[in-house]
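>>> Okay, predicted coordinates and the sequence, questions at the end:
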Amino acid sequence: PTSRALDVVAEEAGIPCFETPTGWRYFCNLLEAGRFGLCGEESFGTGSAQTREEDGLWAVLFWVNIVAARRLPLPAIAAEHWRRFGRHYFQRQDYEIADAGAAARVVAGLRAAAPGMAGRRLGAAKVTAADDFSYHDPVDGSVAPHQGVRVSLDDGSRMVFRLSGTGTSGATLRVYLEKHEREAIGLEPAAVLSPLASLAREVAAITPLTGLAAPTMVV
């Protein structure tokens, strides 16, 4: 559940791009098969073919190399990218839900609704696609179902919902919000994504099912 900015660049460059579930084992299969040489996850863990784990030193050197080659500061590189490809505003909102059963009901409702959501109007936009992401590994043929419910809208927005098993009690519902803007590239992500965040709470019935009217953490 990362930003789709990478997908846009890969498409223009004509290079393969893979969307995998959370977990480095999925990256490793593709790296070891030579299918790609660069990978990253939404928590900023980054790696390449020289390692099978996220590598902070490598990531720093990678960016230092880009800055040196471009002879531009990082903000200028980012602004240039946004002018060329548009900006993918991105945010993760976490809902710490004390009742794991309530969290499971949120996701179960989304999974049940996803197949019939295409064409449905949500606010001012229309759903172009909705699914419960199932990953088919192109290397070993294995299948990893139920990797997150994805809802894409015709205004360039996307919502992804998934439960995290990293909490010590209850469950964490992670909601990933994204909107692609071609022209309005200098705005604050929180302002751009606020309407989408409200829509996500409505679509998933988060407040009625959990009692939470706002996320407990925003990243």
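Sure, I can see it. Numbers count the residues shown, from 1 in each chain.

>>> Now do the helix or strand of the chain with the lowest mean pLDDT: which elements does it pack against?
Every helix and strand of the chain was ranked by mean pLDDT, DSSP states H and E. The lowest is strand 46-48, at a mean of 78. The helices and strands touching strand 46-48, judged by 3 or more Cβ pairs under 8 Å, 6 or more residues apart in numbering; DSSP states H and E, are helix 24-32, strand 38-40, helix 56-70. No exception for glycine: its C-beta is placed from N, CA and C like everyone else's.

>>> those strands in the protein, which residues are they?
Under the criterion DSSP state E, the chain contains strands at 38-40, 46-48, 87-97, 121-122, 125-132, 135-136, 143-144, 149-153, 157-164, 171-181, 217-218.

>>> State the pLDDT value of the closest residue to Arg201 other than its chain neighbours.
Spatial nearest neighbour of Arg201, chain neighbours left out: Thr207 (5.9 Å); criterion: Cβ to Cβ, 6 or more residues apart in numbering. With respect to pLDDT, Thr207 scores 96.

>>> where's Thr207 relative to Leu187, distance?
Per Cβ to Cβ, to the nearest Å, Thr207 is found 26 Å from Leu187.

>>> next one: His146
Separation of His146 from Leu187 (Cβ to Cβ) stands at 34 Å.

>>> Repeat that for Ala98.
According to Cβ to Cβ, Ala98 and Leu187 sit 34 Å apart.

>>> And for Glu12?
For Glu12, the distance to Leu187 - Cβ to Cβ - is 24 Å.

>>> Likewise for Ser48?
Distance, Ser48 to Leu187, using Cβ to Cβ: 32 Å.

>>> So which of these two has more stuff around it?
Using other Cβ atoms under 10 Å, the more surrounded residue of Ser48 and Leu187 is Ser48, with 17 against 12.
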